[in-house]
Each structure stands twice: as C-alpha cells, then as structure tokens.
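>>> Sharing a model that was predicted from the sequence below.
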Amino acid sequence: MFSTASGTKTRVLIVDDSSFMRMAIRGILTKEPSIEVIGTASDGVEGVEKAIALKPDLITMDIEMPRMDGISALKQIMAKCPTKVLMVSTLTNEGAKATFEALDAGAIDYIPKNVTDSNEAQNIFKDELLKKVREASRSRFMRVAPSVAASGFSRPSAPAAPVPRTAASKIHSKKINYVGIGASTGGPVALQEVISRIPVNFPYGIVVAIHMPKAFTGPFADRLNAKCSIAVREAKDGEQLKPGTILIAPGGMHTQVVRGAGGLMVKTAPTSSYPQYVYIPSVDLLISSMAEATAGSMLGVVLTGMGNDGFKGMQLLKQKGGVTIVQDEATSTIYGMPKACVDGGVADEVLPLGQIGFEIGKFT
C-alpha cells in the first residue's frame, strides 16, 4: 500500500494554467493539517519537470493547458516518475471524454470542476477536492503497462503469473435473471475490465451504478459501448431491462429497478427524494430495488470504491437468496465498498478484478 514520503503529510503538486485555480486549490489544501502543497506549475511541461524534481505524493492536474496538455503530461509522468494523479475536469461532454482518456493513461481519479462563481459550486468543489485527496492518499497505486495505456484499454498491471482461479464455484448453481453492479473510486477502469469479459450473447439484463456527475455517465456509457462486445448505454426513465444490454444509471440522480406491466424497468428519481443516500447514484438503492423486483433471482457485484455504499443492498439481496461477488483487496484501488461486504458477511465470492467478468459470463 501507498504511504506518503513524509509519513504524516500528503505532499501535493498543483498543475493548472489558471492562476485563479492554482490559488483556489492551494488555499483549500493548505488549510488541511495532513496536506502540504510543495509546488505549483502553470502548464504540462513545467508539471513534468516539477514532478521529477519534487517527487510529490500526489498531483492535481488540469486537462486543458498551453505547451503541453494534462493528458500528455500525465503520460510523461507515468513513464518517468510514476505518481498518483488527480485530474481536474470541467463538467462538460468533452471534459468527460478527456477524463476517461486520463484514467486509461494511469490517473487515479478525477475532480469535477464546475466553472461558476456561486458559493454553492465553490463549496461543492472544496468538499470534493478534499475528499478525493484523502481517498487518493489511502489508495492503492497500480501502474498501467505502457502498451496497454497506449491502446486506450486500461487495466491495472498484474504479476507475471496468471490471475489465480478460484476452485469450482457453487454460485453458478443458483438461478439468476439479472445483474446489478456498483463501483466508485477506480470504478471506470474496473468496470471496463469487467464488462469487456462479458460475452455478447449474455442472456440477462445488467444495470450499473457508479458515482459520477450528470455530465459524465453518458460519455462513459458511449465509451464502454465502443470498447466492449456487449451493448452499453445510459439508462432512461421507464426503459426496460433487456438481455445482453448494460444500462448505466445516469449521474446526478438516483436509479431504481421496478416491476412494470412489461417486466423490469428503470425508474429515476431526484436526489431530494432520497436524502438518506449520500452517494449519487446510490448503489444501495439500485441493488436493494433490484433484489425486491427480482425476488432475489439476481447477481450483485460490488467493485472498488470508498465508503460502504452497496453493503445494505447486498445484505438485502442475500436475505432474498441472491448471489454476490465482490472485488478483492489486491486489485481494488480503494478497498472500502468491497471490504464492507466482506466484513459484513454478504460476499459469496471475493475475486481479483481480472476474473470477475469471466465469472459473470458463466451465468448462462
């Protein structure tokens, strides 16, 4: 696991071409006793130079910058002095696409940047920045192999030995009709890895909840659809679950699965309808609703992420006789959500990331 060079403080380098953003990020971080800002850079070239010279524990990296953009700088940093990097992304379609490219290239996470002067937007950015820096300081840093990153299909580098296979599992003897998947920090890369292993003729509908802002889930679904054999799209309110199709819960709201006249369907709701759920979209709400709608005839999967979102949903699913898989600690960027399921005794199988998609595909 990662530990800071100082042993107590996370040493951060800020890379952004906006002097306002550099000051804003510095102002937020320097108020935290556990964080030390060791330098700033105004473009990618300077960012790479300072990353090599200062050896920070963490870098916040803007995407659009002169001389060298953030993704190019990220790739150079990963090649010359691998460091944890948080991308600072605008809440736009283009910002989302660039962010996913950065995650493929090795960035550990991203911070949505809402470019407004409102106090509410500034407070949201402050809270998100501090949360993400804390998460990153505790996260597992897994380098992306250069050839894999260059191909735009990222997965954490693994030992030379093959991914260990578990003994013949009893979970496949159980009947399922649907699959619900939840993820958070590290989730975009993890989901791509899992979904790419699911065969195109998979006979059950799949719904995914990943903690993302509204502007990001559509481009994320499009990206997965272009890279995976199985169909992927952002879910729409009232849409029916269909075999061989993956629906991504839209960001900025909550998603449930309910039983309608024609079968199971997606039902979206504003966050104000469910104030008890802190994470958006809520994995707990999605999997709980699916457990109810399917009477337990489903597979629940929880991947990497901070916190414990998903545990209550998986707990209800187990009570109804459903099947569960969670990602193991060794391959999780953040072993929070999976750990909550393991510690709570609701994980039928605890598997390395590279094996989960194969195991899902066996339910045919």
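Received the coordinates, thanks.
>>> contacting residues for the closest residue to Arg140 other than its chain neighbours?
Setting aside the residues directly before and after it, Arg140 is nearest to Thr333 in space (C-beta to C-beta, 6 or more residues apart in numbering), at 5.7 Å. Glycine gets a C-beta too; all of them are placed from N, C-alpha and C. By C-beta atoms under 8 Å, 6 or more residues apart in numbering, the contact list for Thr333 reads Ile108, Asp109, Ser139, Arg140, Met142, Thr185, Gly186, Val189, Ala190, Thr304.
>>> I'd say the first one and Gly186 touch.
Looking back up the chat, that one is Ile108. Yes. If you go by C-beta atoms under 8 Å, Ile108 and Gly186 touch, sitting 7.4 Å apart.
>>> Quick check: neighbours shared by the two?
Joint contacts of Ile108 and Gly186 (C-beta under 8 Å, 6+ apart) are Ser139, Thr333.
>>> picking that back up, want to throw the contacts of Thr333 into a markdown table with secondary structure, distance to Ala102 and neighbour count?
Supplementary listing: the contacts of Thr333 in a markdown table, determined by DSSP: H, G, I helix; E, B strand; the rest coil; distance: C-beta to C-beta, whole Å; neighbours: other C-beta atoms under 10 Å:
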| residue | secondary structure | distance to Ala102 | neighbour count |
| --- | --- | --- | --- |
| Ile108 | coil | 10 | 26 |
| Asp109 | strand | 10 | 25 |
| Ser139 | coil | 15 | 24 |
| Arg140 | coil | 18 | 18 |
| Met142 | coil | 15 | 20 |
| Thr185 | coil | 14 | 27 |
| Gly186 | coil | 13 | 28 |
| Val189 | helix | 11 | 25 |
| Ala190 | helix | 16 | 26 |
| Thr304 | coil | 17 | 28 |
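>>> Point out where the stretch 1-150 of the chain drops to low pLDDT.
1-7, 115-117, 141-150 (pLDDT under 70).
>>> For the stretch 1-150 of the chain, which segments count as strands?
Secondary structure of the stretch 1-150 of the chain (DSSP state E, counting those that start in this stretch): strands at 10-15, 35-41, 58-62, 84-90, 109-113.
>>> what's the answer for the stretch 251-364 of the chain, then?
254-260, 263-269, 298-302, 323-327, 349-351.
>>> Please point out which parts of the second one sit buried.
Right, strand 263-269. Leu264, Met265, Val266, Lys267, Thr268 (16 or more other C-beta atoms under 10 Å).
>>> ok, which pair from those residues is furthest apart?
Leu264 and Thr268 (14.3 Å; C-beta to C-beta).
>>> Quick check, pLDDT for the residue nearest to Lys214 when sequence neighbours are not counted.
Closest residue to Lys214 apart from its sequence neighbours, by C-beta to C-beta, 6+ apart: Gly252 at 3.2 Å. The model reports Gly252 with a pLDDT of 93.
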